[in-house]
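In: Predicted model follows, preceded by the sequence.
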Amino acid sequence: MHNLPDTVKNAILDLRALSTDPISAFVYDLEGLQAHIKKIMAALPEKVELFYAIKANSDTEILDTLAPWVDGFEISSGGEIERIASCQQTLPFIFSGPGKLDSELEEAIQKQVAAIHLESINEIHRLQSIAKKFNRTQAVFLRINPTLPDTLSSRLTMAGRATPFGIDEMDLQEAVNAVDDSPNLLLQGFHVHAMSHQKSLSKHEMLIDFYLKRWPHWKALSNKPDNITHMNVGGGIGVNYTQEAQFDWSAFCHYLDRTLKSAPDAPILRFEPGRFISAFCGYYVMEVLDKKTSHGESFVICRGGTHQFRLPVAQSHDHPVIHLPLHNNKSEDNRPKDKRRWTLVGQLCTPKDILSRSCELNHCEVGDILVLPLAGAYGYNISHVAFLCHPTPLITYLPVQTPLEHGSMAQTKHGVNEETSCVTS
């Protein structure tokens, strides 16, 4: 069951009132985002850092909201360097990912990058030449692709098998030697990002246990082990799009506290989540254009589609839907009962333009608004927005309010009933 904050609902209705055409839009609740990141950071124990992976959502408004609370940003391209450079607050940033250009590495060094994650022997030698050119001693992490136990797997496995990411553990000694022999590089730690979309608390605990068990062996490969202080364990904490229960961050942090206190010579753990930080603040809005039945299946056709919100297709799930019935202002008790299951689609000329199947809605009509929550990460920014040359969606950011402003904003400006549907796969 997903609830729609009054501020978000009112913003949607304001957008609709100002538009002559049916709308598609993204609404981002920055106050909700701030509350979420404050709670996340407050739970972190000592010797644990959190850098936000901006690939999840790099909008300036999102970054400015997170900057006062996170330890830094994780970026993976020159374009993302420019995004963080435009922020109101300067934070440490780390640069990871395969296929870095020399020009991007040069820009990162000039922007005082905190650490660069190296993915290959060739990249080590390239960065040494660049750091020498700028007379800089550059802190680096080596990204490792270790052999993982069979129990450690997820929907999207980033390590433990053939991938373009990182250096195989069997080649790690060569990589450590190459960094140790590079006078302008300083090996500060290791990086392993093994699993993405991980919603299991026990699996994430097992993963950290595995890293900490391997940590002393990896560190001992260097002839300068005292410089090696950090273990970047990536992000990968998933969001449950189809059920209410989410990853138990509080329990995970209690586990981290116990584990690090009991581990000899424990590293500083650095997390770089993205989806788990920004997903909850975003809402994708679609206005109903048409309804039809084809071969026994009922379709509701909406403004927008997967070219603007690709996440459900990318994740292969049926997205939850909140129904705002604008065709009347009757209460839930007096609303005509016509509950049916619908397939929610957009405007694209492809049968793959499906955002949710078996979506149960009561008396859904043309002109109603359907809101897809959990749209703050890997939604608009990964979508093929140029397909069919449709216009871009409306985008609005609800600012963080002062206590006085919050009280006034909480007043409902429109008498609209709200219905949340459950979606079954």
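Out: Done, it's in.
In: From now on I want contacts and neighbour counts done on CA atoms only, so please keep to that.
Out: OK.
In: so where do the helices sit in the chain?
Out: Ranges of helices within the chain are 6-18, 30-43, 60-66, 78-85, 102-110, 121-133, 172-180, 201-219, 249-262, 275-278, 311-315, 403-409, based on DSSP state H.
In: Can you point out the buried residues in the fourth one?
Out: Buried residues in helix 78-85, counting neighbours by 16 or more other C-alpha atoms under 10 Å, are found at 78, 80, 81, 83, 84.
In: for the residue nearest to the third one when sequence neighbours are not counted, which residues make a bridge with it?
Out: For residue 81, ignoring the flanking residues on the chain, the nearest one in space by C-alpha to C-alpha, 6 or more residues apart in numbering is residue 75 at 6.7 Å. Taking DSSP bridges as the rule, residue 75 bridges to residue 95.
In: ok, residue 75 - how many residues close by?
Out: Residues within reach of residue 75, counting by other C-alpha atoms under 10 Å, total 26.
In: quick one: contacts for it?
Out: 53, 54, 55, 81, 93, 94, 95, 96 (C-alpha atoms under 8 Å, 6 or more residues apart in numbering).
In: Going by neighbour count, which of these are buried?
Out: The neighbour count (16+ other C-alpha under 10 Å) marks 53, 54, 55, 81, 93, 94, 95, 96 as buried among the contacts of residue 75.
In: Quick check, the second one in contact with residue 70.
Out: Spelled out, it's residue 54. No. Look at residue 54 against residue 70 with C-alpha atoms under 8 Å: they stay out of range, at 11.7 Å.
In: so where is the stretch 251-400 of the chain shaky, pLDDT-wise?
Out: The stretch 251-400 of the chain contains residues with pLDDT under 70 at 327-336.
In: same thing but 80
Out: Counting by pLDDT under 80, the stretch 251-400 of the chain contains low-confidence residues at 327-338.
In: which residues of it fall in strands?
Out: 268-271, 282-294, 297-302, 321-324, 339-345, 354-362, 369-372, 394-398 (DSSP state E, counting those that start in this stretch).
In: Export the ones you listed to JSON lines and append columns for distance to residue 62 and mean neighbour count.
Out: Output for the strands of the stretch 251-400 of the chain, formatted as JSON lines (distance: least, C-alpha to C-alpha, whole Å; neighbours: other C-alpha atoms under 10 Å):
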{"stretch": "strand 268-271", "distance to residue 62": "18", "mean neighbour count": "20"}
{"stretch": "strand 282-294", "distance to residue 62": "10", "mean neighbour count": "20"}
{"stretch": "strand 297-302", "distance to residue 62": "27", "mean neighbour count": "20"}
{"stretch": "strand 321-324", "distance to residue 62": "23", "mean neighbour count": "24"}
{"stretch": "strand 339-345", "distance to residue 62": "28", "mean neighbour count": "19"}
{"stretch": "strand 354-362", "distance to residue 62": "24", "mean neighbour count": "22"}
{"stretch": "strand 369-372", "distance to residue 62": "19", "mean neighbour count": "25"}
{"stretch": "strand 394-398", "distance to residue 62": "9", "mean neighbour count": "15"}
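In: Residue 255: which of the buried ones among the contacts of residue 75 is nearest?
Out: Residue 255 lies nearest to residue 53 out of the buried ones among the contacts of residue 75, by C-alpha to C-alpha, at 22.8 Å.
In: Need the contacts of residue 75 in CSV (columns: pLDDT and distance to residue 43).
Out: Shown next, in CSV, are the contacts of residue 75 (pLDDT from 0 to 100; distance: C-alpha to C-alpha, whole Å):
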residue, pLDDT, distance to residue 43
53, 97, 19
54, 97, 21
55, 96, 23
81, 96, 28
93, 98, 22
94, 98, 23
95, 97, 26
96, 95, 26
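In: before we move on, the earlier item: want to throw the strands of the stretch 251-400 of the chain into a markdown table with distance to residue 228?
Out: Formatted as a markdown table, the strands of the stretch 251-400 of the chain follow (distance: least, C-alpha to C-alpha, whole Å):
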| stretch | distance to residue 228 |
| --- | --- |
| strand 268-271 | 10 |
| strand 282-294 | 38 |
| strand 297-302 | 53 |
| strand 321-324 | 47 |
| strand 339-345 | 51 |
| strand 354-362 | 46 |
| strand 369-372 | 44 |
| strand 394-398 | 41 |
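In: Which stretch among the ones you listed approaches residue 135 most closely?
Out: Smallest distance to residue 135 across the strands of the stretch 251-400 of the chain (C-alpha to C-alpha): 27.3 Å, for strand 268-271.
In: low-scoring stretches of the stretch 51-200 of the chain, by residue?
Out: For the stretch 51-200 of the chain, the stretches with pLDDT under 80 are 147-166, 194-196.
In: Recalculate using a threshold of 50.
Out: Under the criterion pLDDT under 50, the flagged ranges of the stretch 51-200 of the chain are 154-156, 158-160.
In: For the closest residue in space to residue 224 that isn't next to it in sequence, grab the count of nearby residues.
Out: Spatial nearest neighbour of residue 224, excluding adjacent residues (C-alpha to C-alpha, 6+ apart): residue 180 at 7.3 Å. Using other C-alpha under 10 Å, residue 180 has 16 neighbouring residues.
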